[in-house]
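Okay, structure incoming, though there's no sequence with it:
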C-alpha cells in the first residue's frame, strides 16, 4: 500500500476541486500541495477579485444613473482602499471555505512546492522553513496553472507598467489614465472596470478587433458599449516601445495603419495572455512530453509518464477555471476505470461586463466552415421586460442550429445574466436537443430567460 492514492500539485479550481472529489466520491486518500494560497490564481489574483471589483464599479455606475429611477444621490465617491478591502473579504471567505472542506473530507493540505521525482513520488519543500518531505502515491495530478506572459517590449520593466496581478493589488488610488495592451477577455474586463470608475482608458490590440476569438457581433457591440464609457480602442496596432517623458508620464509608442503614434498614461496594464507554469515541477532526469512549455495529455488528462495526469492551464488548452475543474473530474474517473462524466469539449466563455457576454459551442461561421448546413436565430433583448427595467439598451441572444434537424450547435449572447443563461444552451448541445425541444419549456415572466424562448421559437 502506498502512502496516498493521489497527490495533487496546485490548489486552483482544477486542483482543489479534484482533491475534494477524489476524497468524497472515490474515497481516495488524497494530499494537496500548494505553494501559495488555497484557490490558486483564480481565487486570489484573477476571476474572483476581478469580479468583486467589477461589482463595486457597477454599483458606482448605477448610483450615478439612479436619478432616472427616482432616487437622488448627491455625490458618488470612490474609495479604492475600501473597494480592495471588500475584495479581500470576498476572497478570504471563499478561501476559508475551501480550507474547511479540505478538513471535512480529510484531504491533507501541504504548504510548499511539489516536485515530481518519479511516477509515484512527489518531493514537497515546505514554504515556511524549507523542510523536505517525500510523498509516495499511486497517482499524481498536475494542476499548477499559469502565470502572466510578458511580451518582449522595451520599457516593460518601468515603474507603473503593471500586470493584471499587480493592478489588482493597487490600493492607493484609481488611475486617472490607464493604457491597456491587449484586447482579450482580461483586458476588456479591466477596461470596463476602470472606465466605469471614471478612468480615461486606452486599449491597444494587435489583432483587427477586440475579443477576436468570439463572435464578430459581440466584438462590435462591446466596442460601442465601451465607447459610452469614453474608452478609446485601437485595433491592428502593435506596440514598439514604452518610455517615460520629462513630465513623468508613461509613453506607449505604437504603429497603427502605417502610422507611428503614441499615447500617454499614468499606468500601463499588460494583458497579453498567460503561459503554463512548470518551473521546478520535475526533478532532474524526470520529464513528460511537452510542447512550447505546456504539458501534453490525452483526452483523459494522462501525460506520457504513467500514472501522472495534468489538467487546466498547465496543459495550455482552454485557460478557464471551469474547464480545469471539468478536466479534473474526467481524470479522476479515468484513474478509477470509469467513463468520463463531463463533456470537456463544451466550455462556455463569459465576460463580466454590463451587460454580460457569454458563448458556447459553434458560431455560424464555424459551423459552415465545418461543412454543416447551419442557420441562426437572433432575439433582441431590447423588448425583454427585465432588460428594460434594468436599463439595458443593448443586448441579444443568438442560437446556431442545424437546418435540417433543428439541433442546437451553439449560442452567443450579450445580455444581463448571460453567464447564467448560457448553461441552458450548454445542456441543450450536450443532450442533442433541438430548437423545438428548448422552446417547449415554460420560462417565467418577467425574466431574462424569456430571451431564450424568443431565440429558439420561430
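Nice, I can see it. Predicted model, so just to flag it, every value in this text is computed and none were measured.

So which bits of stretch 85-96 are buried?
For stretch 85-96, the neighbour count (16 or more other Cβ atoms under 10 Å) marks 87, 90, 91, 94, 95 as buried. Heads up, the C-betas are built off the backbone N, CA and C, glycines and all.

Now, these that are in helices?
Of the buried residues of stretch 85-96, the ones assigned to helices by DSSP state H are 87, 90, 91, 94, 95.

Present those as JSON lines; the columns should include distance to residue 30 and pLDDT.
Output for those, formatted as JSON lines (distance: Cβ to Cβ, whole Å; pLDDT from 0 to 100):
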{"residue": "87", "distance to residue 30": "30", "pLDDT": "96"}
{"residue": "90", "distance to residue 30": "27", "pLDDT": "97"}
{"residue": "91", "distance to residue 30": "24", "pLDDT": "97"}
{"residue": "94", "distance to residue 30": "20", "pLDDT": "98"}
{"residue": "95", "distance to residue 30": "19", "pLDDT": "97"}
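
ok, those residues vs residue 404, which is closest?
Nearest to residue 404 among these is residue 94, at 46.1 Å by Cβ to Cβ.

Not counting residues beside it along the chain, what's closest to the closest one?
Using Cβ to Cβ, 6 or more residues apart in numbering and skipping residues adjacent in sequence, the residue nearest residue 94 is residue 43, 5.8 Å away.

With residue 56 instead?
Distances taken as Cβ to Cβ, 6+ apart place residue 83 nearest to residue 56, at 4.8 Å, with adjacent residues excluded.

would the one you found count as being in a helix?
Yes - according to DSSP: H, G, I helix; E, B strand; the rest coil, residue 83 belongs to a helix.

From residue 44, how far off is it?
17 Å (Cβ to Cβ, to the nearest Å).

what's the first-to-last distance across stretch 258-270?
Terminal residues of stretch 258-270 are spaced 23 Å apart (Cα to Cα, to the nearest Å).

Need the mean per-residue confidence for it.
Computed over stretch 258-270, the mean pLDDT rounds to 95.

got it, and stretch 377-390?
Average pLDDT, stretch 377-390: 94.

what's in contact with that stretch?
355, 392-399, 401, 415-416, 435, 445-448, 450-451, 454-456, 458 (Cβ atoms under 8 Å, 6 or more residues apart in numbering).

now do stretch 146-155
Contact partners of stretch 146-155, identified using Cβ under 8 Å, 6+ apart, comprise 41, 156, 161, 163-165, 181, 239-244, 270, 272-277, 313-314, 319.

What mean pLDDT does that stretch get?
On average, stretch 146-155 scores 94.

Report the separation between the two terminal residues of it.
23 Å.

Buried residues, that stretch. List them.
146, 147, 148, 153, 155.

Helices of the chain, residue ranges please.
13-24, 40-45, 47-64, 80-104, 164-167, 185-196, 216-228, 321-335, 364-369, 385-389, 418-431, 435-439, 450-456.

Give the burial count for residue 421, as a bare number.
21 (other Cβ atoms under 10 Å).

Check the one 3 residues further on too.
Neighbouring residues of residue 424 were enumerated by other Cβ under 10 Å; the total is 21.

ditto for residue 219
The number of residues packed around residue 219, counting by other Cβ under 10 Å, is 20.

what's the spacing between it and residue 49?
Applying Cβ to Cβ, the value for residue 219 to residue 49 is 26 Å.

Ok, residue 24 next?
In terms of Cβ to Cβ, residue 24 sits 27 Å off from residue 49.

The two - which one has more neighbours?
The residue with more neighbours, out of residue 24 and residue 49 and counting by other Cβ under 10 Å, is residue 49; that gives 21 against 15.

Contact partners for that one?
Here residue 49 is in contact with 43, 87, 90, 91, 168 (Cβ under 8 Å, 6+ apart).

how far away is the first one from residue 136?
What it means is residue 43. According to Cβ to Cβ, residue 43 and residue 136 sit 29 Å apart.

More neighbours: the two, which one.
With neighbours defined as other Cβ under 10 Å, residue 43 and residue 136 compare such that residue 43 has more, 23 against 13.

who touches that one in this structure?
12, 13, 37, 49, 91, 94, 95, 98.

wait, which of these is closest to residue 440?
Of these, the one sitting nearest to residue 440 (Cβ to Cβ) turns out to be residue 13, at 34.2 Å.

Grab the nearest non-local neighbour of that closest one.
Closest residue to residue 13 apart from its sequence neighbours, by Cβ to Cβ, 6+ apart: residue 321 at 4.0 Å.

Touching, that neighbour and residue 50? I think so.
No - applying Cβ atoms under 8 Å, one finds residue 321 not in contact with residue 50, separated by 11.8 Å.

related to what we said a few turns ago, now distance to residue 380 too, for the buried residues of stretch 85-96, in TSV please.
Converted to TSV, the buried residues of stretch 85-96 look like this (distance: Cβ to Cβ, whole Å):
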residue	distance to residue 380
87	35
90	34
91	37
94	36
95	41
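
what about the residue lying closest to residue 417 once chain neighbours are set aside, neighbour count?
In space, and not counting its chain neighbours, residue 417 is closest to residue 448: 4.3 Å by Cβ to Cβ, 6+ apart. Close neighbours of residue 448, defined as other Cβ under 10 Å, add up to 26.

try residue 313
Around residue 313 there are 29 residues (other Cβ under 10 Å).

Quick one: residues contacting it.
For residue 313, the contact set (Cβ under 8 Å, 6+ apart) comprises 12, 145, 146, 274, 276, 277, 319, 324.

One more pass at 6 Å, please.
145, 146, 276, 319 (Cβ atoms under 6 Å, 6 or more residues apart in numbering).

same check, this time on residue 435
Contacts of residue 435 (Cβ under 6 Å, 6+ apart): 401, 406, 456.

rerun at 7 Å
Residues in contact with residue 435, defined by Cβ atoms under 7 Å, 6 or more residues apart in numbering, are 399, 401, 406, 408, 456.

Phi, psi for the residue nearest the centre of the chain please.
What sits nearest the mean C-alpha location of the chain, by Cα atoms, centre = their mean, is residue 320, with 4.7 Å. Per-residue torsions, residue 320: phi -130, psi 140 (degrees, to the nearest 10).

contacting residues around it?
Counting by Cβ under 7 Å, 6+ apart, residue 320 has contacts 347, 349.

Near residue 264, how many residues? Count them for me, please.
15.

Quick check: beta-bridge partners of it?
Residue 264 forms beta bridges with residue 251, as assigned by DSSP bridges.

my guess is it meets residue 253, correct?
No - counting by Cβ atoms under 7 Å, residue 264 does not reach residue 253; the two are 10.6 Å apart.

Need the nearest residue in space to residue 365, chain neighbours excluded.
Residue 365 sits nearest to residue 216 (Cβ to Cβ, 6+ apart), 8.0 Å away.

Of the helices of the chain, flag the one that's most buried.
For these, the largest average neighbour count (mean count of other Cβ atoms under 10 Å) is found in helix 13-24, namely a mean of 26.
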